[in-house]
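**Q** After the sequence you'll find the predicted model.
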Amino acid sequence: MTLSEQTNDFSEVIENDRAHVWHHLSQHKKYETVDPMIMIEGKGIHVWDAKGNKYLDAVSGGVWTVNVGYGRETIANAVRDQLVKMNYFAQSAGSIPGSQFSKKLIEKMPGMSRVYFSNSGSEANEKAYKIVRQIAHNKYGGKKHKILYRDRDYHGTTITALSSSGQAQRKDQYGPFTPGFVEVPHCCEYRSQYGECDDYGIKAALAIEEVILREGPDTVGAIVLEPVTAGGGVITPPEGYWQKVQEICKKYDILLHIDEVVCGLGRTGKWFGYQHYDIKPDIVTMAKGVASGYAAISCTVTTEAVFNEFKNNPSDPMSYFRDISTFGGCAAGPAAALENMRIIEEENLLDNVTRMGAYLMDRLHGLKDKHQIVGDVRGKGLFCGLELVVDRKTKQPVDESVAQAVVADCFAQGVIIGATNRSLHGHNNTLCLSPALICTKANLDEIVGAIDKALTKVTAG
Ligand code: PLP
């Protein structure tokens, strides 16, 4: 019997939550009239709330995190055993799971070499920025310190991570921001800045080169990019884009930092999103799917060449990476991550993502055929988006409230889907799907069926 099937009364929990908990990304006024949702149990791809309602979770914990699904006892046991044996020591010392997980992770990332542990995607990105800045100081007299980021990408919630994010909804009212971060144009072909063209990917990459030349190549140290833009609209890279970006980075001696916080560990059908595009990053950051939400862990992974910049000048007392993350030393993270990776391998989840991703994409194209409101369908593996428009010809985005109405209707049907964030250009109109990597055709049919009904309802009235 699941908790939710018991006759527990959670009204006190709900009232305490209403009185004392400040929810993320939430306007709390609504809780004066509706109860806050409390999730109390999960199993596989399903979750139950405190009122006993069961949901199919098509967004893996709301934010692309619970990749191997809920209720994984072997991960919980690995974490428990590690905590009883050795829960914590500052990461200036190592740990058994840290050593084992790093080896396993690097085996999946040819060309990469070193793993730096912290706790969240934002923090992993901040570590990467500090690495870039310190190399600029050690090697280029402080000059090559600028970091480029892309419109519509998101890299985290701390002020500097926000400074490198291209989403107005997250940034508005939190400035002033950290200097030295410069925006480059997005690469959403559906929203082409150059009209219809055969070489959109090349044009979008050359737009980055233009910014580099404007800023001065000797001032630019790195560029941070999502392999597939997540919250900014599930934007898959256009043909030719990544090769050109890599070429431009090489030409101007700019480090390529790929933010795999969402795509990392299986979401797109390969271990990492960048591995679809035959590129060689210098820095890769990851967080959400690393331990599927069973422990807080993030990693900043670098090549040996980047690492050596901090090792090869021992006579300078300031040249090592003078950074620490207290809870980067909690051994629960790598213990959970190691077991998470074992599950992905043992259950052939990358194959499942590829097969189920293709099936989902097919079904979503079916929705596009049926509903005029669906302007574009995009995705990679089990990471898909449906962009909603008022008119297919003008591509005018639907109002945010329309996307939210579809999300709400699916929720009422027992299916949790998401919608993307507003960018500077008002594209807050993309429905977002990212079910657990274990999902089945039946799960996907249920998800698509719910969206189908919701779209019918929303467009009818
Ligand atoms: N990078 C990307 C691509 C993200 O989507 C997010 C969070 O959604 C982050 C970084 C920040 O991660 P965290 O919320 O763990 O700090």
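**A** Ah, there it is.

**Q** Tell me which residue of the stretch 1-150 of the chain lies closest to the ligand.
**A** Closest residue of the stretch 1-150 of the chain to the ligand, Cβ to the nearest ligand atom: Gly121 (2.3 Å). In short, each C-beta sits where N, CA and C put it, glycine included.

**Q** pretty sure that residue is touching Gly156, no?
**A** Yes. The pair Gly121 and Gly156 passes the contact test of Cβ atoms under 8 Å, sitting 5.5 Å apart.

**Q** Quick check: neighbours shared by those two?
**A** Residues touching both Gly121 and Gly156 (Cβ atoms under 8 Å, 6 or more residues apart in numbering) are Val261.

**Q** Is the closest residue to Leu364 other than its chain neighbours in a helix, a strand, or coil?
**A** Nearest non-adjacent residue to Leu364, counting by Cβ to Cβ, 6 or more residues apart in numbering: Val377, 4.7 Å away. When classified by DSSP: H, G, I helix; E, B strand; the rest coil, Val377 comes out as strand.

**Q** repeat for the one 5 residues further on
**A** Using three-state DSSP, the three-state assignment for Leu382 comes out as coil.

**Q** List the contacts of it.
**A** Applying Cβ under 8 Å, 6+ apart to Leu382 gives the contacts 267-269, 353, 356-357, 360, 433-437, 439.

**Q** what would these look like in CSV with distance to Gly293?
**A** Formatted as CSV, the contacts of Leu382 follow (distance: Cβ to Cβ, whole Å):
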residue, distance to Gly293
Arg267, 13
Thr268, 18
Gly269, 20
Val353, 17
Met356, 20
Gly357, 21
Leu360, 22
Leu433, 18
Ser434, 13
Pro435, 14
Ala436, 11
Leu437, 13
Cys439, 16
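
**Q** Narrow these to those in strands?
**A** Leu433 (DSSP state E).

**Q** any chance of the contacts of Leu382 in TSV, with pLDDT and neighbour count too?
**A** As requested, these are exported to TSV (pLDDT from 0 to 100; neighbours: other Cβ atoms under 10 Å):
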residue	pLDDT	neighbour count
Arg267	98	31
Thr268	98	27
Gly269	98	24
Val353	98	27
Met356	98	22
Gly357	98	23
Leu360	98	27
Leu433	98	25
Ser434	98	32
Pro435	98	31
Ala436	98	28
Leu437	98	30
Cys439	98	28
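
**Q** Could I get the CA-only coordinates of stretch 229-237 as CSV?
**A** Written as CSV, here are the backbone C-alpha positions of stretch 229-237 (Å, rounded to 0.1, in the frame of the first residue of the first chain):
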residue,chain,number,x,y,z
THR,A,229,18.6,25.2,-24.5
ALA,A,230,16.2,24.0,-21.9
GLY,A,231,14.1,26.5,-20.0
GLY,A,232,14.5,29.1,-22.8
GLY,A,233,12.4,27.0,-25.2
VAL,A,234,13.8,23.5,-25.8
ILE,A,235,16.0,24.8,-28.6
THR,A,236,17.8,22.1,-30.5
PRO,A,237,20.9,23.4,-32.3
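
**Q** That one and the ligand, any residue contact?
**A** Yes. With Cβ under 6 Å from any ligand atom as the criterion, the ligand is reached by stretch 229-237 at Ala230, Gly231.

**Q** Return the residues of the stretch 101-250 of the chain in contact with the ligand.
**A** Going by Cβ under 6 Å from any ligand atom, the residues of the stretch 101-250 of the chain near the ligand are Ser120, Gly121, Ser122, Asn125, Tyr154, His155, Gly156, Thr157, Glu226, Ala230, Gly231.

**Q** The fourth one contacts Thr157, doesn't it?
**A** No. The criterion here is Cβ under 8 Å, and Asn125 misses it with Thr157 at 10.1 Å.

**Q** Next up, the contacts around the residue most central in space within the chain.
**A** The residue lying closest to the centre of the chain (Cα atoms, centre = their mean) is Val262, at 2.2 Å. The contact partners of Val262, taken as Cβ under 8 Å, 6+ apart, are Trp64, Glu226, Val228, Ala230, Gly231, Lys288, Gly289, Phe383, Ser434.

**Q** mind listing what the first one touches?
**A** The reference is to Trp64. Ala230, Val262, Arg267, Lys288, Gly289, Phe383, Ser434.

**Q** what's the first-to-last distance across stretch 272-284?
**A** 9 Å (Cα to Cα, to the nearest Å).

**Q** Please see if it touches the ligand.
**A** No. Judged by Cβ under 6 Å from any ligand atom, stretch 272-284 stays clear of the ligand, getting no closer than 9.9 Å.

**Q** Before we go further, Leu162 is sitting in a helix, right?
**A** Yes. The assignment for Leu162 (three-state DSSP) places it in a helix.

**Q** ok, for it, nearest residue in space, not its chain neighbours?
**A** Lys171 (5.5 Å).

**Q** Could you give the number of residues near that neighbour?
**A** For Lys171, the neighbour count with other Cβ atoms under 10 Å is 16.

**Q** what do you get for Thr394?
**A** So Thr394, with other Cβ under 10 Å, has 9 neighbours.
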